[in-house]
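Participant: Any chance you could fold what I've pasted below:
(one chain, ligands or ions: 1)
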Amino acid sequence: MKNDLLKICSLFATDSPSILPRSLAHRFIGGKKYTTVKLTSIHCGYFKLDGGAMFGIVPKRMWGKMNPPDENNLCTWALRALLVETGDRKILIDTGIGNKQDEKFRSHFEPREEGAMFASLATAGVSRDDITDVFLTHLHFDHCGGALWKNEAGEVELSFPNAVYWSNEPHFDWAMNPNAREKASFLKENFVPLFERNRLRFLEVKDNIEFVKNFHVRFFNGHTEALMAPLLRTPQGSVLYCADAMPSRWHIGMPYIMAYDIRPLVTLEEKARMLEEAVRGQYILFFEHDPGAACGTVREDETGRIVLDRTGALKELIGG
Ligand SMILES: [Zn+2]
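Facilitator: Modelled structure (predicted):
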């Protein structure tokens, strides 16, 4: 069964860019042709994680001022997805935690406002049925938990019944056979049902692959195996959905690497490379977990260090 699925998946992945209809609206900016890409930040609630785990080797004396912890040393983090509308595709990048976890889980991570995902999509004029693709950057619970939803009858159903759900094969295998450090993050109830219902598709692991027009994918191996970070090209600028390669504006600083990361020195290299590229390309960085700033830009200071420049909501920074 798995082999069959893989075959379908690779077919789908290879053919993916050509699935878009030829009749797509195009815009011409500066002589360059762009497919119209509309981006909307989607609020999927908040949760809490230990400040020490999120800031790694950085002393509490420093991070405590940035994101003040509660009496249990837990800091509040956002769950921020991104809606990408292009052609006839409505793609949701990540889904937050969802609502199906038990009280023990909830007491550890204190999720709240999980239903905001649907409300936020509705505000953008998009219903659950409209979503064509759910792009899962990786399968840790705070990124894919909302792919499935517990309904009022207590049954778990697909959050987006008409969507295909995207991961990649090395990452899926990694999540199915987790190491002891990541085991608590890979909850099988979040992704095995997607596989069993034949809704999961795998993207080829090839850096900068074009998923759909103007939607490229960058791969990162520091946080987990083959994390996928979308790079979206719009006429107003490029937006990098950083996912956990850089979860907040504070993680721009080189020593700020999460203790969760499986390969911290790889994160260090990947982050340095990503930030240099972001300066050159004037990228808007989209932060999935930053509780206060959805997006930020970076610049090189007088000493050559890359630092945070501006922060703001996506619509404030795009084209600004
Ligand atoms: Zn995360």
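
Participant: what residues does this structure put near the ion?
Facilitator: Applying Cβ under 5 Å from the ion, we find that the chain lies next to the ion at Asp142, Asp244. Bear in mind the C-beta positions are built from the backbone N, C-alpha and C, glycine included.

Participant: Show me the shaky parts of the chain.
Facilitator: Confidence mapping of the chain against pLDDT under 70 gives the ranges 1-35, 319-320.

Participant: Run through the helices of it in chain order.
Facilitator: With DSSP state H applied, the chain shows helices at 2-19, 51-55, 60-66, 103-109, 116-123, 141-144, 169-176, 188-196, 264-281, 314-317, listed in chain order.

Participant: Correct me if wrong: Leu314 contacts Lys38.
Facilitator: No: the criterion here is Cβ atoms under 8 Å, and Leu314 misses it with Lys38 at 11.0 Å.

Participant: For the residue most central in space within the chain, list the residues it contacts.
Facilitator: The centroid of the chain falls nearest to Ala243 when counting by Cα atoms, centre = their mean (4.0 Å). Contacts for Ala243 (Cβ atoms under 8 Å, 6 or more residues apart in numbering) come out as Asp94, Thr137, His138, His143, Phe220, His223, Leu227, Met228, Ala229, Glu288.

Participant: okay, now Arg61: neighbour count?
Facilitator: For Arg61, the neighbour count with other Cβ atoms under 10 Å is 7.

Participant: In TSV, list the helices of the chain along with distance to Glu300.
Facilitator: Compiled in TSV, those are given as follows (distance: least, Cβ to Cβ, whole Å):
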stretch	distance to Glu300
helix 2-19	34
helix 51-55	24
helix 60-66	22
helix 103-109	37
helix 116-123	34
helix 141-144	31
helix 169-176	33
helix 188-196	39
helix 264-281	6
helix 314-317	18
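
Participant: so which of those comes closest to Cys44?
Facilitator: helix 116-123 (4.3 Å; Cβ to Cβ).

Participant: From the contact counts, what lies against the closest one?
Facilitator: Helix 116-123 is packed against strand 37-50, with contacts defined by 3 or more Cβ pairs under 8 Å, 6 or more residues apart in numbering; DSSP states H and E.

Participant: Next, the angle from the strand it packs on to helix 116-123.
Facilitator: 160 degrees (axes from the mean of the first three to the mean of the last three Cα atoms, to 10 degrees).

Participant: if we can go back for a sec, which of Leu314 and Lys38 has more neighbours?
Facilitator: A side-by-side neighbour count of Leu314 and Lys38, using other Cβ under 10 Å, places Leu314 first with 16 against 11.
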